[in-house]
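Engineer: The following comprises the amino acid sequence and a computationally predicted model.
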Amino acid sequence: MILDEFLGENDRIKILEELLGYTDYFLTVEEISRMADVSQKRVQNHLKQLKDIGILEVENKRFKLNKNDKRVLALGLIETHEFQRRLD
């Protein structure tokens, strides 16, 4: 996806890219870990940091992106633009 091309590949970007694909759903650490191919421990650490800065919503130990956060909206626009560009 465009985020890793733009920012370099790392675990947090993998996690954010997976969460961008499921913006309407709360996901467990296990689900995110499997989809992003990142250990559960590393996912937990990144999710805590993302929650602390307000990018994530948490409900019953499940996580999703906070669609009211401008940073999340910007990430979504980057991904949407790249998706559209690849279709053209």
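Structural biologist: Received it, and whenever you're ready, just let me know what you need. Numbering: from 1, shown residues only.

Engineer: how close does the residue nearest the centre of the chain sit to Q44?
Structural biologist: Centrality entry for the chain: nearest residue to the mean C-alpha point is L16, 1.8 Å, by Cα atoms, centre = their mean. Separation of L16 from Q44 (Cβ to Cβ, to the nearest Å): 15 Å. From N, CA and C alone the C-beta is placed, and that goes for glycine too.

Engineer: and if you look at A74?
Structural biologist: Between A74 and Q44 the distance is 25 Å, computed by Cβ to Cβ.

Engineer: again, but for N68
Structural biologist: Here the criterion is Cβ to Cβ. By it, N68 lies 24 Å from Q44.

Engineer: after the lowest-mean-pLDDT helix or strand in the chain, next one along is what?
Structural biologist: Using mean pLDDT, DSSP states H and E, helix 2-7 stands out as the lowest-scoring helix or strand of the chain, at a mean of 52. Once the chain leaves helix 2-7, the next helix or strand it forms, by DSSP states H and E, is helix 11-20.

Engineer: Return the distance of that next one from the chain's centre.
Structural biologist: Centroid separation between helix 11-20 and its chain, computed with Cα atoms, centre = their mean, to the nearest Å, is 3 Å.

Engineer: could you give the mean pLDDT of the following helix or strand past that helix?
Structural biologist: Counting by DSSP H and E, the next helix or strand C-terminal to helix 11-20 is helix 29-36. When pLDDT is averaged over helix 29-36, the result is 97.

Engineer: ditto for stretch 39-56
Structural biologist: Averaging pLDDT along stretch 39-56 gives 94.

Engineer: Give the buried residues for it.
Structural biologist: Using 16 or more other Cβ atoms under 10 Å as the test for burial, stretch 39-56 gives V43, H46, L47, L50, I55, L56.

Engineer: Select from those every entry located in strands.
Structural biologist: Judged by DSSP state E, strands contain the following of the buried residues of stretch 39-56: L56.

Engineer: Please name the bridge partners of L27.
Structural biologist: F63 (DSSP bridges).

Engineer: which residues touch it?
Structural biologist: Contacts were defined as Cβ atoms under 8 Å, 6 or more residues apart in numbering; by that measure L27 touches E18, L19, M35, R62, F63, K64.

Engineer: at 7 Å instead, please
Structural biologist: Counting by Cβ atoms under 7 Å, 6 or more residues apart in numbering, L27 touches R62, F63, K64.
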